[in-house]
Each structure stands twice: as C-alpha cells, then as structure tokens.
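S.K.: heads up, no residue letters with this:
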C-alpha cells in the first residue's frame, strides 16, 4: 500500500462523513462565490465597448434635475466633440405592471447612432428611427420578455411626464452589456409635453481619447456660474457614481461573506477533529511503528486538504455553471444582468478553500503531536 | 415508555465540545438570516412610521415619487379652501404645498456622493408632521437661505453639520438646525422653505400637497372629488397608504435574505448531520442499553430528533443574541422609489426572532432525522457488543 492510497482510503473510510463534509464545504463556497459576484456587480459597473470615448453630462444639482436644451449647440461646437445626444429618462411602466422593468431614454437618432456605437442592429434601424417619429429601438432582452418584434406597437405610462406614449418597434439591438434599454425620439416626447425645452442629460462622444479630459473640462467651465451648472464626467466615472449611492449595502454583503467564511472554517475544523479523534488509536499505532510526527501531520493535512478541495471543485463549479449558463436576469427579477464569475473570484474562493484545508488540520495535528503512544493506544473511541 | 429526554439533555451538556461547533454554526446562520430580514423590516417600519392617518397626500396622477410629481399653483389654490379640509384656530386651512428636489452631496466618509431629498415646506407643513421634532439649533427661517437637516443625515453627509454651508443650484445654503424624524421617512430629508426651494431649483410648480382632512369621511370625499374633477390630473391617497406603497426597496433585500438563508441552511444541515451521526456512532452502546431497558425504536427516534432540535434551538437563541446588538443601528442605501439616500434602522422584532429560532429548529430536525433513524435501527446485540 502506497502512502497516497493510505490517505485516500482513510479519507473515504467513513463515506457518509466524507460526503457530508464535502457537501457542506461545497454549499458554503457556492454561497461565497455568489456573494463575491454580487459585490463585484454592485461595485464595478459594467464596461461597455465605446465607453472610453463617451462623456455623460448631468445637472450639477443632481441627476434628477433637468438641463436646458439650448446647451446642445454650445457643446456641439466645442473642439473634439463628435456628436451630442440628449438622454432623458422616461420612467415608463409597461402596461400596468406597477413597476419599471426596463429603462427608456429619449434621444436624438442622428447623434445617437454615432454615440451608441456598440449596439448591433440590422442596417437601416437608425434610418427607420429617423423616419418614424413614434419609432423606438429596443434591447433584445426586453423584446424577448414581452414577445415584441419589429413593427409591433405598445404604449408606456410615464411616471415622470404626464400621460402615456405609444411606440412602434423599428429595431432590436444586442451586443451591449445590458441589452434591456429602449431608445426613442426626443422630439416625440417634446411633442407630447409641449416643448418645455428641457432634457435629462447629455450623452456625447469625443473624437479621440486624448480629447476627453479637455472636453470634460471645457463643458464644466462653460456652464459654471450659469443658471444650469453641469457636471461632465467620463462614462466610467458616471457609472461609478451610482456605486456610491448604494451606500451601506456594500458593507453588508462584504460582512456576510466574512461570516460565511468563518462558519465554514468552524464547521469543517470540527468535522476534521471528529474524524481524527475516531482513529486516535490507529495514529498511536503508526507512531509506535516509527512514523514521525511530520509524517502524521502530512496524513492529516492531505486528508483535510483533499476534502476541502473536493468541496471547492463542486461548489465553485456549480456556481460557475449556474451563473454562466443560467438566466440570471430572470432569476433575480432584473436586479442583476451579467453576474459574471470572473477568474479572480474563482481564484479567491479556491484560496479560501485551501486555507480552510490547512486551518482545519491544525487542531487535530496538535492533538496528535501531544499524544503519548501509550495513552493513544488506550483510547477507546 | 416515556421519552428518555433527560438522557438526551444530559448528553448535550456532557459532550459539549462536539456539539459546540454545530451550535455555533447554526447560530451564525440564524444571525445572518435575522440581520438581513431586520433590514427589510426596518425599511418597511420607516415607511409605516411616516403617515398620519388624518392626512391626505395629493400628487400628480401616474407619478410614483414626490420628486417627479407636479401640482400647479392654481391647483393648490383650487383645493386649498375645500370645506373637507380641517382648519386651525385662526381658521386657516391645514394644507402644505411641498417641493421635493434631489441634490447630490458628498458623503461624510469621503466615498463619493449620493442624492439627498430636499423638501421645501410651506408654514403649515411642519404642523402636519408632528412626529418631526427639532433636537438642536433652530428651524430654517424663510428668506435666509437656511435648511434644517435630520440628525441621521447629518451623520452621513459632510456638509450637514449645524453652521456648515453647501452650494447647490448656484446658491449657498446654511444648516440652521437638526431635527429627529422619529424613525420615519423624514429622517432621510433636508427641510427648507417651499417658496425658497421653488426659486432655487427653478420650479414653477409644487411637488405635492399634504392636507389634514376634517374627518375620516371627509378624506374619502377629497379623494372622490379630485378623481371626479377632470381639470385636476391629480390623485389623493391617505398619507399612510402613500408611504406604505414606498417599500419596493425592501424587495431585493428580502430576496437576498431568503437566498442566503436557503444556501447557508443547506450547509448547516450537512454540518448538523455530521455531528449527529458522529454522536450516534459514539453512543452505540448506550443506545443498545436503552433498547435493552425497554425503550422502543420510535421512542429512540423521537428522542434523537428532539436532541437535534434542542441543539439547533440553542443555536437559534444564540444567533438572535448575536444579532441583537445591531438592533436600532442606522444604515442607508438608495431607495428605488425616491432615487435618493434612505436611512433606516435594523429592526429585530419578536416575531422575527421567533422566525429565526423556528428556522434553526427546522434545520436541526432535518439534520438529525437520518442519524436518528440510524440510531433507532441499531440491532440490540450488535450495539451492546461494540466498543
């Protein structure tokens, strides 16, 4: 019998316990991966292709305040700016769902097709939007959810503006991190509310990455000390500003993760001690046969390490499969869209499992080290 | 024959080392479950604390938040003198027209900015919300560009201490005093004069009206009258109901809590099973002795399940105790309704603690079921022979 088979047989001599230990490690690591992914989604907004050339301009008071439409021509004439589109949150509810399930924005199609470059659509969808005043472009996920196809009509009740608007689908896009949004014409919105000359935000594209800081600076300075001061920032910085709004939720998820890890260590360490205590007599015999302490440590360590590694493979693997192949958008009712299990998270969880394997071997190893052979042989259970 | 419960009970105490890890494991699971649910409860409580049953809230039809609602001056004048509205001793109608705006402000911990709700109130507004009390400084004085902030917001944002100034919409505002909102939604607000707010934020209209109905039937009449009048695109709700609807933010937290409880309890069930199996294994001889003494199989089954449940119940109580220090601690996040920072407290209600303990007992019973079956099936002779 070789030493690896000895360890292997020992680990599996009580199959039920091995199975239960592996399962409890697996369940906890599954949870740990889930929490880490959720935390990442909350703290690191999705990065869209084309984001590095885009700037978001909002009112300095807060994102909920409107900006005057006249700012557009001023921004457009700045050097380095390629296209500027208004970007107004419509806050529409589909039929009478009672809650918003996707975001809708009023935009200007001519500018938008140059700003929103990553959306993949059939040729001519933007042209159709330019032709049809009540047209709209819909994300694939939303279109699938409501079984909407090109040419279909539907209406939305706005929670921001008075009344409802009817739209006709002229294009369905995909290829962005969040294919749920809807875009329609700003002049259609203006028509329905009587041209108040206001927009929610400006969304613009700069000609090159070098132009970005200059354009941001110019926009902020131009409107400083006017009646509508603005904050221009890169799309990335804008997305990050939402993270800060979530406040203490981040801390909450992080502390739950640490409790999970702690519970995991506690339970696994106790199981491991149980397994060793049961065969104290055998270990005493091994000692009597001349095995050294460090060899006995190696047996114990290899066994506990092996069990937690098996749990890690199952738990992390299950999480990876569930979130990569499952429809997370449906599972979380639209709170999370991508839920990507990154290599970094896999690595972190595997590290936790490795540390777990080592830590749970400590207490039994100490007990074995302290045991005298005679006492060990006397032990009954 | 009666259950050998004393035997099980003494076992738990005698073999405390083996059971301690299981008890602690379950305690931590219960603590997490209770804390996350306490957050959701806290959010709902803060909404429930807000309304006054005598008040009626009037907003634009279709708007879900006051900040996106509009009530014109003309509509305000129309409704103001309706006979269904209560009057004060000077015969003035108890109506407040409010302006709600969001401003972006830096957090105290320096980690970015968040939206804050600013409420502009007309003089009657404070009278209609008696749960809001000044705790230090003084109330804002109209025309002096002053605000009063809730103490809880002052603890979260860097410009909200008494005497500090902050700039918004090209105006400098000074914090004149702090108020306590009595754990209501007003704890998440900054208050100032309504007409001053309209000037600063360039609002032609008010956001909402809050009126005190002369009597409960009068409240229904106000709602019916607004509904019937085609010139008023508004909707009236009792203030209590209006805020009760503002609990959508609690939903994702509840989902998170349930998910965590499920996933963690699966792990805990496995761990409990492990402990119980080990404890049944090491007590084989004792179980054989019990059988010889005449205890029946099903008695032994029941007693082991009860032992598991007892262990778990201890864990459950311990978990609640672990969670208890967080009771009343304030925390905050962005509300999906108002799109601004909402402050609320962890609320551990007796019912919630009971749910946590029941949950622990279920975990204990599920975890000890299989080991108990095994214990009850041990053949007597073999059990007695084992060392």
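M.R.: Alright, I've got the coordinates. Because the structure is predicted, anything quoted here is derived from the model rather than measured.

S.K.: and the residue in chain B that chain A sits nearest to, how far is that from residue A:370?
M.R.: Closest to chain A within chain B is residue B:112: 2.7 Å, counting by CB to the nearest CB. From N, CA and C alone the C-beta is placed, and that goes for glycine too. Distance, residue B:112 to residue A:370, using CB to CB, to the nearest Å: 53 Å.

S.K.: again, but for residue A:216
M.R.: Taking CB to CB, one finds residue A:216 at 66 Å from residue A:370.

S.K.: who's more crowded, those two?
M.R.: residue A:216 (20 against 8; other CB atoms under 10 Å in any protein chain shown).

S.K.: looking at this, that one is in a helix?
M.R.: Yes: membership of residue A:216 in a helix is supported by DSSP: H, G, I helix; E, B strand; the rest coil.

S.K.: where does the closest residue to chain B within the stretch 151-300 of chain A fall, helix, sheet strand or coil?
M.R.: In the stretch 151-300 of chain A, the residue that lies nearest chain B is residue A:244 (2.7 Å; CB to the nearest CB). Assigned with three-state DSSP, residue A:244 falls in the helix class.

S.K.: residues contacting it?
M.R.: B:107, B:111, B:112, B:113, B:114 (CB atoms under 8 Å, 6 or more residues apart in numbering or on different chains).

S.K.: Now the phi/psi pair for the most centrally placed residue in chain A, please.
M.R.: The residue lying closest to the centre of chain A (CA atoms, centre = their mean) is residue A:41, at 2.4 Å. Backbone geometry at residue A:41, expressed as degrees, to the nearest 10, gives phi -60, psi -40.

S.K.: For the residue nearest to residue B:95 when sequence neighbours are not counted, pull up the helix or strand it's in.
M.R.: Closest residue to residue B:95 apart from its sequence neighbours, by CB to CB, 6 or more residues apart in numbering or on different chains: residue B:211 at 4.7 Å. Using DSSP states H and E, residue B:211 sits in strand B:208-212.

S.K.: any residues touching that strand, and which ones?
M.R.: Applying CB under 8 Å, 6+ apart, the external contacts of strand B:208-212 come out as B:52, B:54-59, B:66, B:69, B:71, B:76, B:79, B:85-86, B:93-98, B:100, B:125, B:128-129, B:222, B:239.

S.K.: Among the residues you listed, which ones are in helices?
M.R.: B:76, B:79, B:125, B:222, B:239 (DSSP state H).

S.K.: Rebuild these as TSV, extending it with pLDDT, neighbour count and distance to residue A:362.
M.R.: Shown next, in TSV, are those (pLDDT from 0 to 100; neighbours: other CB atoms under 10 Å in any protein chain shown; distance: CB to CB, whole Å):
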residue	pLDDT	neighbour count	distance to residue A:362
B:76	94	17	72
B:79	93	24	73
B:125	93	19	63
B:222	94	21	71
B:239	92	23	59
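
S.K.: Can you sort out which of the residues you listed also neighbour chain A?
M.R.: Near chain A, taking CB under 8 Å from any CB of the partner chain as the test, no member of the ones in helices among the contacts of strand B:208-212 is found.

S.K.: Look up which residues are beta-bridged to residue B:189.
M.R.: residue B:117 (DSSP bridges).

S.K.: how much space between residue B:123 and residue B:97?
M.R.: 10 Å.

S.K.: Those two: which has the busier surroundings?
M.R.: More crowded of residue B:123 and residue B:97, by other CB under 10 Å: residue B:97, with 27 against 11.

S.K.: give me the low-pLDDT residue ranges for the chain?
M.R.: Because you didn't say which chain, this covers chain A. Chain A contains residues with pLDDT under 70 at A:1, A:96-100, A:332-335, A:379-381.

S.K.: The intended chain is chain B.
M.R.: Applying pLDDT under 70 to chain B picks out residues B:1-3, B:18, B:249, B:387.

S.K.: circling back: distance of the residue of the stretch 151-300 of chain A closest to chain B from residue B:185?
M.R.: As for residue A:244, its distance to residue B:185 is 21 Å (criterion: CB to CB).

S.K.: Which residues of the stretch 251-387 of chain B lie near chain A?
M.R.: Residues of the stretch 251-387 of chain B lying near chain A (CB under 8 Å from any CB): B:252, B:255, B:259-260, B:263-264, B:266-268, B:270-271, B:273-275, B:277-278, B:281-282, B:331-334, B:339, B:341, B:387.

S.K.: Brilliant, that's me finished.
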